[in-house]
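In: the sequence isn't on hand, but the structure is:
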C-alpha cells in the first residue's frame, strides 16, 4: 500500500513496535528461565537457543522503538527501566512456567502467531520493521516446528503427558483471546500500513493451530468471553515478579556495563 | 590507505569464532566494503538474531583491518535481506565437512509450510553413511543440530539451513 514516507512517528506506530518488542522480550525471558532445568539436555539446549532468538529479536525491535520515539532511549533503557504498566506484551507471554508441556503449548500458540505476524510484516511500510520481520520469520519457522512437534508428542503420548498437555491448553487457551482483540492502536497501524491489525490474523492462526492440536488428540476448549489486557499495560500479577528478576541488576547498579 | 581488494583480503583471514575453519567472508555475512572519506565501512548481516558471536565478529573485523593498515574502521549491521545458509561459499562447504560439520542443504523458500517431524537425510561427514540419527535439534550453537552415525557410531554436527 502506498503509505506516505514516515516523517513523524505516530503514537500507534510506536505502540505497535513496542508491543512486538515486549512480547519477544517477555517470552524470551520466560524461556531463559528453563536454562539448566529442562527435562533433558537436548531440550535445555533448544529452550536456551530459542530464548536467545527471542531476546535477539527484542533487542532489534526495542532499538527500533527507541529510534521511532526519538527521546534517546535505547534497547537497554526500554527493557530495564520501564515498569510493568509500561510494558505492552500480551498477557499470554508472561504466564509463569509450570511444566514442560505448558511451555511447549505456550511456545506453539505464540510461535504459530509469530509466523503469521512476521510474514505480514515483511511488507510493512516501516522498512526497518520489515527487515526485522524477514529475519525473525526464519526463526519463527523452526520455533513453530519444534514446539508443534512436542505438542503432538506430548498430547498423543502417554496418559501422563496427555493429561499435562491438556491441562496446559485449558489454562492457556483463554489468554489467546487477547491476541485478536480489536483496538484503536491496531486500526491506526493497519491504516498506515505499519502492520496488520492482529484481529485479521485470527482465522489463519486457528487454521494453523487447530489441526496440530487435533493430531495431538487434545480437546480445544470452548471460547469464553475471558479477556486480558497486557497489550494495554494492564498485566497479570506475574509480570511484576518477572521484571523484578530481569531488571534487578541494572536497577541496583545504575549505569553498570557488562 | 587500504584498497578495497586489500580490505577483502584482510577479511578473508577473519575466522568465525564458533567455526574457526571458515572465514566471515566464506560464511557470507560480509555484504559490502565501502571506502569513504570517513574511513572504511564494513557492512555485516547477522546470522541469527540471538547469535552471541555477532559482537565478537565485529571486533575481530575492526582489529584485522587495522592490523592490515586501515585507518578508521566502522562496522554496520544490515538486516535486509536476511542472511541465509545459501550464502555460505561453495569452497567453505568442504572445509566444514572436513571439520566434522555437514554443510547445509538448500534453505526452504520464504513462505514454506512448517513440516512436522522433519527428517532429512544427512550423510555422515566421516564415513559418508546415510544411516544417521538426529540426537538433538540444537547443538553447540543455534545454527547446528547434533547427529550420530549408525555405522561408524561417531557423533557429528549438521549446519541447519535457514
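Out: Everything's here; your move. Worth saying up front: this structure is predicted, and the values here are computed from it rather than measured.
In: residue A:213 against residue A:154, yeah?
Out: No: between residue A:213 and residue A:154 there is no contact under C-beta atoms under 8 Å: 11.4 Å. No exception for glycine: its C-beta is placed from N, CA and C like everyone else's.
In: would it be right to say that residue B:76 lies in a strand?
Out: Yes: the assignment for residue B:76 by DSSP: H, G, I helix; E, B strand; the rest coil puts it in a strand.
In: so it touches residue B:44, yeah?
Out: Yes: at 7.0 Å, residue B:76 and residue B:44 qualify as touching, with contact defined as C-beta under 8 Å.
In: now the strands for chain B?
Out: B:30-36, B:39-44, B:73-77, B:101-102, B:132-136, B:144-149, B:155-159 (DSSP state E).
In: what about the strands in the stretch 101-250 of chain A?
Out: For the stretch 101-250 of chain A, strands defined by DSSP state E, counting those that start in this stretch do not occur.
In: quick one: low-confidence parts of it?
Out: For the stretch 101-250 of chain A, no stretch has pLDDT under 70.
In: by proximity to chain B, which residue of it wins?
Out: residue A:131 (3.6 Å; C-beta to the nearest C-beta).
In: what does the stretch 151-258 of chain A put close to chain B?
Out: A:152, A:208, A:212, A:215 (C-beta under 8 Å from any C-beta of the partner chain).
In: closest to residue B:106 among the residues you listed?
Out: For those, the residue nearest residue B:106 by C-beta to C-beta is residue A:208; the value is 24.3 Å.
In: residues in contact with the closest residue to the closest one other than its chain neighbours?
Out: Spatial nearest neighbour of residue A:208, chain neighbours left out: residue A:112 (4.8 Å); criterion: C-beta to C-beta, 6 or more residues apart in numbering or on different chains. Counting by C-beta atoms under 8 Å, 6 or more residues apart in numbering or on different chains, residue A:112 makes contact with A:144, A:148, A:205, A:208, A:209, A:212.
In: one more time with 7 Å, if that's ok
Out: A:144, A:205, A:208, A:209 (C-beta atoms under 7 Å, 6 or more residues apart in numbering or on different chains).
In: I'd like these as TSV, with neighbour count appended.
Out: Shown next, in TSV, are these (neighbours: other C-beta atoms under 10 Å in any protein chain shown):
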residue	neighbour count
A:144	24
A:205	20
A:208	20
A:209	20
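In: any idea how far the closest residue in space to residue B:31 that isn't next to it in sequence lies from chain A?
Out: What sits nearest to residue B:31 in space, not counting adjacent residues and going by C-beta to C-beta, 6+ apart, is residue B:43, at 4.6 Å. Distance, residue B:43 to chain A, by C-beta to the nearest C-beta, to the nearest Å: 13 Å.
In: what is residue B:43 paired to in the beta sheet?
Out: residue B:32, residue B:76 (DSSP bridges).
In: pretty sure it is in contact with residue B:32, am I right?
Out: Yes: using C-beta atoms under 7 Å, residue B:43 is in contact with residue B:32, at 4.1 Å.
In: neighbour count winner among the two?
Out: Just comparing residue B:43 and residue B:32: by other C-beta atoms under 10 Å in any protein chain shown the higher neighbour count belongs to residue B:43, 15 against 12.
In: which residues sit in contact with the more buried one?
Out: Contacts of residue B:43 by C-beta under 7 Å, 6+ apart are B:31, B:32, B:76, B:78.
In: now residue B:19
Out: residue B:101.
In: excluding its backbone neighbours, what's nearest residue A:76?
Out: Nearest to residue A:76 is residue A:250, by C-beta to C-beta, 6+ apart, at 6.9 Å.
In: that neighbour - how many residues pack around it?
Out: With other C-beta under 10 Å as criterion, residue A:250 counts 17.
In: quick check: it touching residue A:80?
Out: Yes: between residue A:250 and residue A:80 there is a contact under C-beta under 7 Å: 4.1 Å.
In: now the residues of the stretch 151-258 of chain A next to chain B: which count as buried?
Out: A:152, A:208, A:212 (16 or more other C-beta atoms under 10 Å in any protein chain shown).
In: next, the angle strand B:155-159 makes with the helix or strand of chain B with the lowest mean pLDDT.
Out: Least confident element among the helices and strands of chain B, by mean pLDDT, DSSP states H and E: strand B:132-136 (a mean of 91). Put simply, strand B:132-136 runs at 80 degrees to strand B:155-159, going by axes from the mean of the first three to the mean of the last three C-alpha atoms, to 10 degrees.
In: for strand B:132-136, buried residues please.
Out: In strand B:132-136, counting by 16+ other C-beta under 10 Å, buried: B:132, B:134, B:136.
In: could you do stretch B:37-44 as well?
Out: Quick answer for stretch B:37-44 (16+ other C-beta under 10 Å): B:40, B:42, B:44.
In: so which of these is the closest to chain A?
Out: residue B:44 (13.2 Å).
In: show me what contacts the closest one?
Out: B:29, B:30, B:31, B:58, B:75, B:77.
In: farthest pair in the residues you listed?
Out: Maximum distance among those (C-beta to C-beta): 13.4 Å, for B:31 and B:58.
In: would you list every one of the helices in the chain?
Out: I went with chain A, as the question did not name one. A:11-32, A:41-69, A:75-80, A:91-94, A:100-121, A:127-155, A:159-172, A:176-179, A:184-191, A:202-215, A:238-252 (DSSP state H).
In: chain B was what I was after
Out: B:4-11, B:24-27, B:54-67, B:90-99.
In: any idea how far the residue located most distally from the centre of chain B is from chain A?
Out: Computed with C-alpha atoms, centre = their mean, the maximum C-alpha offset from the centroid of chain B is found at residue B:37, amounting to 30.3 Å. Distance check for residue B:37 against chain A: by C-beta to the nearest C-beta, it reads 25 Å.
In: got the phi/psi numbers for that residue?
Out: Note on residue B:37: its backbone torsions stand at phi -70, psi -30 [degrees, to the nearest 10].
In: same question, residue B:20
Out: As for residue B:20, its main-chain torsions (degrees, to the nearest 10) stand at phi -70, psi 0.
In: ok, back up a step: which one of the contacts of residue A:112 is nearest residue B:8?
Out: For the contacts of residue A:112, the nearest to residue B:8 is residue A:144 (38.0 Å; C-beta to C-beta).
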